[in-house]
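# need a 3D model of the sequence below.
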Amino acid sequence: MHVHIIGGGIAGLSLAVALQTRAAVSSIRVYERETSATLPRKLGHGLVLMANGISTLDALGCRGILDGSTPLRRVVIQGADGALLREEAMDEAFSVTRASIIEGLRARVSPTVIELARRCVRIRLGRSAAGRARVRALEFADGGALIVGERDLVVDASGWRSPLCAALNPGFVRGESRVTEIVTSTAMPSLAQELGETFVKTLLRGRGLAFGLLAPTSER
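Below is the predicted model:
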């Protein structure tokens, strides 16, 4: 059996690691849309990794990915004027960069597993011998196509762009999110040091706005 994974983000790479280490699957390919030139610029910013994410890394034998990341000990929620609204201790949580997780997972799969510049744009479906829908081929942006064997497994981990969702649900349109989020990462060592192991969230009540600050590294 060959396993074809569309998308080389956290979900796709975690699956590849799990298949290799826990299921002893040797024939795996991850098709990532970014190129070697664009990938370093598309690894994302910071995020909060909670207990379920940490336990997943443990199960994959990848807890070491968190080395150098910031453990979060407390969350402070304040008003626009700086007045304290709520303060809580945090257990089993880390402030991490998405890049550190992606790079850590990539290092744990065989180099031949990941194929860059392989943006899957369309999936051709057919019918199995039992009459069920099955993937016949993956079509890529460069014009190439991959024929999928009868016993192969295809997993789409490409998120909202999912070509598999489009193939299985023609005409489906995703609704617009009710929440708009702007995320940025800035090199500010002094602010990172001041934040330390605290996640600060400022609520602008009555305006539908909130602003969060955390420091996944000692400089960012």
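# which stretches of the protein form helices?
For the chain, the helices defined by DSSP state H cover 10-22, 51-59, 98-106, 163-168, 189-195.
# T202 reaches F211, doesn't it?
Yes: the pair T202 / F211 is scored as a contact, 4.6 Å apart, by Cβ atoms under 8 Å. Heads up, the C-betas are built off the backbone N, CA and C, glycines and all.
# if you count surrounding residues, which of the two has more?
Neighbour count, other Cβ atoms under 10 Å: between T202 and F211, T202 has more, with 17 against 12.
# what bridges to the more buried one?
Q78, F211 (DSSP bridges).
# and if you look at L146?
L146 has these beta-bridge partners by DSSP bridges: L138.
# also the one 10 residues further on?
Under DSSP bridges, the beta-bridge partners of D156 are I6.
# then E88?
E88 forms beta bridges with V75, as assigned by DSSP bridges.
# tell me how many other residues surround it.
E88: 10 surrounding residues under other Cβ under 10 Å.
# other SSEs contacting the least confident helix or strand in the chain by mean pLDDT?
Least confident helix or strand, the chain: strand 46-49 with a mean of 90, by mean pLDDT, DSSP states H and E. Under the contact criterion of 3 or more Cβ pairs under 8 Å, 6 or more residues apart in numbering; DSSP states H and E, strand 46-49 touches strand 94-97, helix 98-106.
# and among these, the most buried is which?
strand 94-97 (a mean of 23; mean count of other Cβ atoms under 10 Å).
# circling back to that earlier point, could the helices and strands packed on strand 46-49 be laid out in TSV, adding distance to T186 and mean pLDDT?
TSV is the format used below for the helices and strands packed on strand 46-49 (distance: least, Cβ to Cβ, whole Å; pLDDT from 0 to 100):
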stretch	distance to T186	mean pLDDT
strand 94-97	13	94
helix 98-106	15	92
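# where does pLDDT dip in the protein?
Within the chain, the stretches with pLDDT under 70 are 43.
# re earlier: now the helices and strands packed on strand 46-49 in a markdown table, with distance to G61?
A markdown table is the format used below for the helices and strands packed on strand 46-49 (distance: least, Cβ to Cβ, whole Å):
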| stretch | distance to G61 |
| --- | --- |
| strand 94-97 | 17 |
| helix 98-106 | 11 |
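# closest one to L125 among those?
Proximity to L125 (Cβ to Cβ) singles out helix 98-106 among those, at 29.5 Å.
# ok, which of the helices and strands packed on strand 46-49 comes nearest G149?
Nearest of the helices and strands packed on strand 46-49 (Cβ to Cβ): helix 98-106, 26.0 Å.
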